[in-house]
Structures are given as structure tokens and as C-alpha cells.
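Dropping a prediction and its sequence here:
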Amino acid sequence: MSFVPPQSVKAILGPTNTGKTYFAIERMLAHPTGMIGLPLRLLAREVYQRIVERVGEGAVALVTGEERIVPAKPRYWVCTVEAMPLDIRVDCVAIDEIQVATDFDRGHVFTDRILNARGSQETLLLGASTMEPVIRRLLPHADIVERPRFSHLTYTGSRKVSRQPARSAIVAFSARQVYAIAELIRRERGGAAVVMGALSPRTRNAQVALYQNGDVDFLVATDAIGMGLNLDIHHVAFADDSKFDGHTSRALTPAELAQIAGRAGRHARNGTFGVTAGTAEFDEELVVALETHDFAPVQVLQWRNNRLDYSSIEALRNSLEQSPEHKSLTRVPMATDQQALEFLARNEAGKLARGLDGARLLWECCQIPDYQGISPANHGEIVTRIYTDLVKRSRVDADWIAEQVRFCDNVNGDIDTLSNRIRQIRTWTFVANRKNWLADPSHWREKTRDIEDRLSDALHERLTQRFVDRRTSVLLRHLKDKRMVSPEINERGEVRLEGHLIGTLEGFRFTLARNEGDADIKGLRAAADQVVAPEIRNRADRLAGAPNEEFVLATDGRLRWKGDIVAELVEGDALYRPRILMLADESLTGTDLERVQDRLGLWLRHHINTVLEPVMALEAPADLEGPARGIAFQLYEHLGVIPRAQVADEVKTLDQDVRGKMRKLGIKFGAYHIYVPLSLKPAPRELALILFALKNGGVRQPGVTDIPHIVLSGRTSFVVDAEVDKRLYEIAGFKVAGSRAVRIDILERLADIIRPLIALDASRPYQGELPAGAAEGNGFRVTVEMTSLLGCSGEDFASILTSLGYRVKRVPRPVVETPVVETPEAETPALEAPAEAVAEAPVAEIASEVAPAEAPAAEGAEAAAEDGVAEEAPVAEAEAPATPAGPEFDEIWSPAGRRPDTRRQENRRRPEGEGQQRQRPQAKRRPPGEVQDLSKAQHLNPKARHEGKPRKFDKPRDDRPRFERPREERKEKAFDPDSPFAKLAALRDRKPE
């Protein structure tokens, strides 16, 4: 690099936002060749892209510690200050942020470039105004140009973190503090981007893009943003005013505060700055200094000798220890590379350094940056291994570096784990970019760069997941940028914006999707409502012109439009005029709300008039007068169904002509109800239930939503729920009968079946075959037709009949005798018993009816002992056939008050005092344990039969119970053939031909 007269050096000085970097780029591109040194790899990348867009990729080279892109014939070089190639001749050289020359770690490199880096035509030194005095002393012939700030800075005092304005950068100086603030902002304001010097350039670029694109409105950063990053920041808030600089914790100088605060405001837009998170407010003197950019000038720069002696390690160390000759320069404290040199000089690496090449190579290895921030000894071990391989093998061992790289190739883990791996891979990326250090440097450059990129992307993803609520950020960006696409709404009502689920829209109500950690729900809801508001207005327009077929009234009393709930019915002034309550957010207001209400009201009136048309016609029928008109109006008031008993007196006054008119109106007179059959269909009954419930307990009471499903299923009866109001069953078209609810029309059909059965007496002569279910005494038996009609039987059916006023009598059925098969004596010798025992069997049976339970057992035992029965007799008795079952009964039903066994004389009027039945005196009970004396039983000791003419009552006795005896056939008297009754009998018995 050639040196030119001092008058060609220009120092462009001024605060932030003065366009210094932009000016330097324009001046460099005005020359055929040029080079610019920048303080950060991130900034170098940004400038590189900008120049590539201007002159093409083949004309620009990028050289940093970890990245090297050098085309065949580059004209312009974009580098970090440390990586600037000093042996290349260019027309223009620019050094940015020269105030870094005061830094203990990197300052000596910037000082060296200020003093020695020169372009053949022009040299530009860019930095803060505080550098003017020291530049004048070091370069007295330099041309110093002051550039004013484009915008003004204003101090706004202290605010809470959650109260910071949008497009703010909150500055802290530790990773722990940065993460805590970013977490708080995510909960309160939707999220924040994170920028720290410890992040890889790729990760920082992605986080900056997150902020620049408007995905988030907040940036939480360290002082890394003060180094030339061009960001759209309106406000800078300091969460701390001190930092650890690698040596000690110290307060930031006013110039350092100004460098950070100056990032607020861009071009002509003014910026503000303040404090937050409990940081003490700036005093007035400091505020004035920051607003006017008036700071104490820099007095000295960090310096280190660049003319090194490589003859030996000791000579190299001595040359590094030399002191500057100019009073504006001061020797830098021992830097990381010099510490590594001291470590290597004391171990085996120092013994391998021989001659100029050995010491020069040793110094190059010592300049490997300590990206990991590990201890000097650990970093020295890595440098020692690399230098030893270079000396002994001329290349770094491929297996060893492969093992180090493979350890870093893992994208799993949290933020800290990924950050540590990125720092490690940056070390091997730096090694891969050294000339002739590796056998296949191109492979390792691509390998390490790929791993660093993937780790950086994974770290960016983790940071975004932890500190950014994508949904909230998209919402905020949509509010600011009206050109964004409208939200997408699928068939399930899910509202998505750029793929993020915002919430669910049902009808005119929006439900915000809740995420874990959401705190500022009120603000988030307000933003979401504004996004959804246009869609709600569009829906209001569509509903106002929708046809009737798109509306449905559900069993819960809610109105649905295209399946979405938009309103619900509430109690109104009249039974048939309920009010409509809109279920909508505040976004539906004004004329849109009125149009929707009017359309729903019109549909509801049409729906009631159509579904309940037969009932609505009974409000004031023109053809009916007097009691008939009253009955019709009661049907109207009771939604088409009233019990007949309720209007029994009025019905008696109706003649056949009036009844005919009422039947033409659809009214049916049933045995139990007067009703409108057309209104018993599922749709009218469902609507009737809703209208009735609105006036009587509300639609949320049990049964309102359940009964319509039963009606729709077609069931004719079902078990009654005790928690349901019985009036609801009647409104639904069912009568509660016993334990079940029976459909009204089915109940009438049951009455039609029973009515002819109780009109006849099966015991009397009947021409033809008796109908099924006919019984004696004007009763009836339950038939399969009846049970099938009602869908129940047994006790359930009996409870229905009982509730309808029928009573049951159990009559024994005639038993058909089964012939006994005699068993040969040879087959049953063990069961043979004496004749006396057989003769006494009826006696034991009778005794069991009158004696206690223990008596028959005792008597049987004594009889067995007397007759000489063996002890095995009880066993034989147990094995004997079981006793025949008792008699079967037949159930005959009859209306109450007309029981078939009721005698006429019992209905006669009894004299006073005969109302109560005379009770039979109770017989004396035997003492416990006493056995009945059967010898005194007269029926067991019959008298001698009377000799002579046999009497009527001397017939052989049948000991069977009366209900088991066969019925005797009656002997019909023969009619006189000449009698007129004989001719009538002949006509009756004549069979049809």
C-alpha cells in the first residue's frame, strides 16, 4: 500500500446519522479501485451487498476474519479493520468508526490503520467529532470536515419497559438482562428482536431483519447497535448505564452513551432517548451533552508497534513491548494475541520456533481470535496444537480438526448451547480461511461455513420462539401496513393472517386464540378486532340479503345463519312475538347492526307464521262464535293442544254443525285432548317448546333441547324425566301417563282400540269370532297391538292404563291337566311308600295352610319314624320332582267403577251404620310349638253315608281347588218347536252361505 502526501487525508467527523458511511462509499466508487475497513463483520456484509448491487459481484471482494469472498479481479475490497490486506494498492481507502482506537482490545489496530493505511488518491477517516483534536495532533496536514446530524435528539425521561413506544431499542449490557427484557416485552407487547455482539453475524442479520420488516416493534440489544448499524429506530431506552468491558465494570462515558442514543432517528426524522428498568435518570448536564453532541475530546489512542522483529521469540516480545514516541499514543495493555504468545513461549511450541519463519508463523497463530471467551490457558492449548501441526506436518491434522468440527455440528439445544457452538465453529472458520494451514482449505471453508449458517439459523429460530409472539407481531404489522393481504377464514371459522392463527370467527363474534404467556390481552384483542372488522361488515351485508333457507332456529333458541350462531331469542311482550338478541362484537354497529336485526326479525315472523300456521289461524276464526270461539282461542294460547277436561263443559254445549266447522279448521276432539293434528309434527312442536319455554322458565331448563330429539325419532312413548317440567311434555304433544309420556295421537288410537272391547261382554253369546283382547264383564285384556302401538309392555304399560282410569283384576286361568305317566315298580323301588302315607298326603297339605312353617316338618319326621321309613327318606324326598307351580292368572282391565266382579246389590243404598264392612273375628293363635290337632277336623272324619236314595250332594267329592276343576257344560233347554222363540233361535244359528 503506497503512502501519499498528508494533504490527501480527509477526516469526516460528526455524530451518528450524518451520512458519513454513505459518503465514503460514494467516494470510493468514484475511484477505479478502493478499500473500506469497517468495525463489524455484520456491517461489512451490509456494505458488501450494497456495493455488489451497484457494480456487480465479480468486482467486489469481502474479507473478514471468518469469511473470504475474493473474485478473480476485484476492484473494491470490503473488509473488517483487522482483516484489511495492507499489501494491496488501491486508489481510495476508508476507515470507519475510528473512535474505536480508544478501545483496549481492538484500539491499537484502528490506530495503526489511521497512521498507516493510505490510498494512492484519497484516504477517508470516518468517526466521531471527539477525534478531531487527536487527529490534528497526529495528522496535522489532514483535512477535517465536520458533518451535522440530520435530525435532533430529545430526552424523554424514564418509562416502564412495557410502556416504551413502538420502534424502540432497549439497551442492556449482559445476556441475562437482554433475555429478561425481551421475555417481558413478548408477554406485554408481542415480542422483540435481540441483537448482541456474541451472536453470529447471520443470526444478528436475521434478528435485525425481524425488526426492520416490522414483525416486531422492539429491539433489545447491547451496545453492538452503536457500531454503524442503520436501523429504523425512533427511541432508545437505556436499561443500564454501566457495563463490564472485559477488565472491570465501569460507567459508560457520555460519548459512548451518545453513540448508542444517536441510533434513534433516521435521516430527517427526529429521535428520542430515555431510561427504563429502574435506571436512574440522566442528570441535566449529561442530557444537554447528549442533545448537543458536546463531549470531551479524545486525548490518546491505543497503540502497539507494528514493526515487529521475528528473529526470535524474545525479539518479537521485545518489539511488542516498545512504547510510542508520540504523546497522543499510549501502549495498549496486553491483548489476547500477546497473552497467547506468552503462553506458547513457555511450552514446547516455543522450542519449535526457529528463525524468522518460525517466529512469524508463531505470531500468526497467536492472532487466532478467542471467540469462545475461554481462559487464556485453554485458548493457548488450541493455538499450541495448531502451531505444532504446522511446524511438524506443514498442515493442521485433518482428523483432529474434523473431530473439533463434528462436535459443533449439532443444531439441537437451547439458546446458550447454540451460542456456544457458534463461537466454537467461528474459531475453525477462522483457521480454514488462513492460507496454507489446511490440506483442503476449500472443503473446510464450505464445511465450517455451512455448520455456522445452520447453527445461526437454529439460534435465530430459538430466539424468535422465545422472544417473539408471531401472531401478535403479524397483527401489529397488518394494522400499520394496509397493503397486507386480508385475513384468511376457513370453513371452521379459523382466522389466519400470513399462516398464523389469530382466532375464530363465528357469525359476528370473534374469539381470540389464547397462547401461553399472553398478558396484554386487551391490546391484543383491540388489534385483532381491527383486523377482523372488515370481514364482520362484509358478513352483515351478506346476511341482510340472504334468503330464508339460510336461517335456522335451533332447539336451544339460537338463530343460525349458514351454521353460525348470530342471535338468540329472549322473552318478548307476547307468546308469539319473542325478542331477538344479537350475539355480535362491538365491530357490528350502526346501520349494519340495524340491517341485520331487521332481516332476522322479518325471518322470525315468517317462520312462526309458517310453521304454526294451523294454530295461528285459531286466534280469531271468523266462522266460530260463543264457546267454540273460546275453545279455538284457548288452543291458540296453548300452542295447539289442550286437555279435554279443561274445556269439558264448553264441549258439551257444541252441536254437530259447530263441531263440523271446528274440524274444518283442523281441530280434533279426542278422548283425552282437543288438539290440532297438523301441529303435532316435529317442526311445530319444536317451535312451540321454544316459545313456551321463553315465557316459562327459559330455554336453558331441562327438556327443552332434549324432547325435540325424541319427537324427531318417532318414538310413541318414553320414560318421563323427573327433572323436566311436565307442561313441556304436553306442549311437545305428549301426555304424562304413569311413568311414561305417550304421544297424544297414539293415546287416542289406544282409546279407539279399547272402546269397542269394553262395549261388549265376552261371557254373553256373540255372533262370530270375538275380537282380540275381549273379556268377560265389559273388560279387556292387553294385546300385542296395544303394546306395539305404545312401544312398551309390562309394568310400564300397566302404569299408563292405571293413569287413564282403568283397573285390573287377576282371574285364575283354567289349567289343562297333563296325563301322568306311570313308572314301573321295578324302576322306582326306593320311592315306594306305604298306603297310609299316601292317604295322609292331603292332610299334610291342609295342615301346611293353617299351621306354622315348622309344624309340617315336625309331623313329617314323626310319621316317618312310626312307619319305619329309613333315614335316607329325606334324601329321596329331595330327589323327588319339584312341586307343580302355582296357578296362572289372567289380567282383565276395566274402567274404574265398572269392575266385572262388582255386584249390583253392593251399590244399593245401605242404612246408616252399614257403610263399613264387618270384620271377621280373628281365631285364637296356638302357642308357639303346639301342633294342630287334626283329629277334630270334621272334614277329615266324614259321617256314614245315608242309606237309601242317593242325594244330590252325595256325589263323589273332587278334592281339587275350584279354579282347577273343569267347567261343567251347561245343558241348554230344548225349545218348543212351535214356540216363536224357536224360530228366532233357528235364525240366529243359521250360517251364512
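The structure has been received and is ready for your questions.

Assess the claim that Ala24 and Ile12 are in contact.
Yes: with contact defined as C-beta atoms under 8 Å, Ala24 and Ile12 form a contacting pair (7.0 Å). C-beta: built from backbone N, CA, C; applies to glycine.

Which neighbours do the two have in common?
Between them, Ala24 and Ile12 share these contacting residues under C-beta atoms under 8 Å, 6 or more residues apart in numbering: 124, 126.

Looking at the protein, which helix is longest?
Once the chain is assigned using DSSP state H, the helix that runs over the most residues is helix 441-467.

roughly how far is that one from the heart of the chain?
On the basis of C-alpha atoms, centre = their mean, to the nearest Å, helix 441-467 sits 35 Å off its chain's mean C-alpha point.

Same question for stretch 376-391.
The answer for stretch 376-391 is 57 Å, by C-alpha atoms, centre = their mean.

Same question for stretch 288-299.
That offset, for stretch 288-299, works out to 57 Å (C-alpha atoms, centre = their mean).

List the buried residues for it?
Buried residues in stretch 288-299, counted by 16 or more other C-beta atoms under 10 Å: 289-290, 293, 295, 298.

Show the end-to-end separation of it, please.
Using C-alpha to C-alpha, to the nearest Å, one end of stretch 288-299 lies 22 Å from the other.

can you list contacts of that stretch?
For stretch 288-299, contacts defined as C-beta under 8 Å, 6+ apart pick out 15, 99, 101-102, 128-134, 149, 152-155, 253-255, 257-258, 261-262, 273, 282, 328.

Go through those residues and flag which are in strands.
Per DSSP state E, strands hold the following members of those: 153-155, 273.

If you rank those residues by neighbours, which is first?
Within these, Phe273 tops the neighbour count with 29 neighbours, counted by other C-beta atoms under 10 Å.

ok but Leu505 is inside a strand, no?
Yes: the assignment for Leu505, made by DSSP: H, G, I helix; E, B strand; the rest coil, places it in a strand.

Surely it touches Val495?
Yes: counting by C-beta under 8 Å, Leu505 does reach Val495; the two are 5.3 Å apart.

Overlap in contacts, the two.
The contact sets of Leu505 and Val495 overlap at 489, 532, 535 (C-beta under 8 Å, 6+ apart).

Give me the next element, helix or strand, following the helix or strand that contains the last one.
This points to Glu535. Glu535 is part of helix 521-544, with elements assigned from DSSP states H and E. Scanning forward in sequence from helix 521-544 by DSSP H and E, the next helix or strand is strand 551-553.

Which elements pack onto that following strand?
Secondary-structure packing of strand 551-553 (3 or more C-beta pairs under 8 Å, 6 or more residues apart in numbering; DSSP states H and E): strand 558-561, helix 590-611.

next SSE after the first one?
Moving toward the C-terminus from strand 558-561, the next helix or strand (DSSP H and E) is strand 564-574.

Next, the buried residues of stretch 550-564.
Neighbour-count burial for stretch 550-564, with 16+ other C-beta under 10 Å as criterion, is recorded at 551, 553, 555, 557-561, 564.

Equivalent analysis for stretch 449-461, please.
Residues 449, 451-452, 454-460 are the ones in stretch 449-461 that count as buried (16+ other C-beta under 10 Å).

Same check on stretch 592-606?
592-593, 595-597, 599-600, 603-604.

that older thread, as CSV, the buried residues of stretch 449-461 with distance to Phe692 would be great.
CSV is the format used below for the buried residues of stretch 449-461 (distance: C-beta to C-beta, whole Å):
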residue, distance to Phe692
Arg449, 78
Ile451, 75
Glu452, 75
Arg454, 69
Leu455, 70
Ser456, 69
Asp457, 65
Ala458, 64
Leu459, 66
His460, 63
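
Just name the closest of those to Ser168, please.
Ranked by distance to Ser168 (C-beta to C-beta), the buried residues of stretch 449-461 are led by His460 at 21.0 Å.

right, and the closest one touches Pro201 too?
No: counting by C-beta under 8 Å, His460 sits too far from Pro201 to count as a contact (11.5 Å).

For stretch 254-263, the averaged confidence score.
Across stretch 254-263, pLDDT averages out at 89.

And for stretch 457-464?
Mean predicted lDDT for stretch 457-464 stands at 92.

Over to stretch 139-156?
On average, stretch 139-156 scores 91.

coming back round to it: for the buried residues of stretch 288-299, which one is nearest Asn306?
For the buried residues of stretch 288-299, the nearest to Asn306 is Val298 (20.4 Å; C-beta to C-beta).

Skipping adjacent residues, who's closest to Val47 in space?
Once flanking residues are discounted, Val47 sits nearest to Val78: 5.3 Å by C-beta to C-beta, 6 or more residues apart in numbering.
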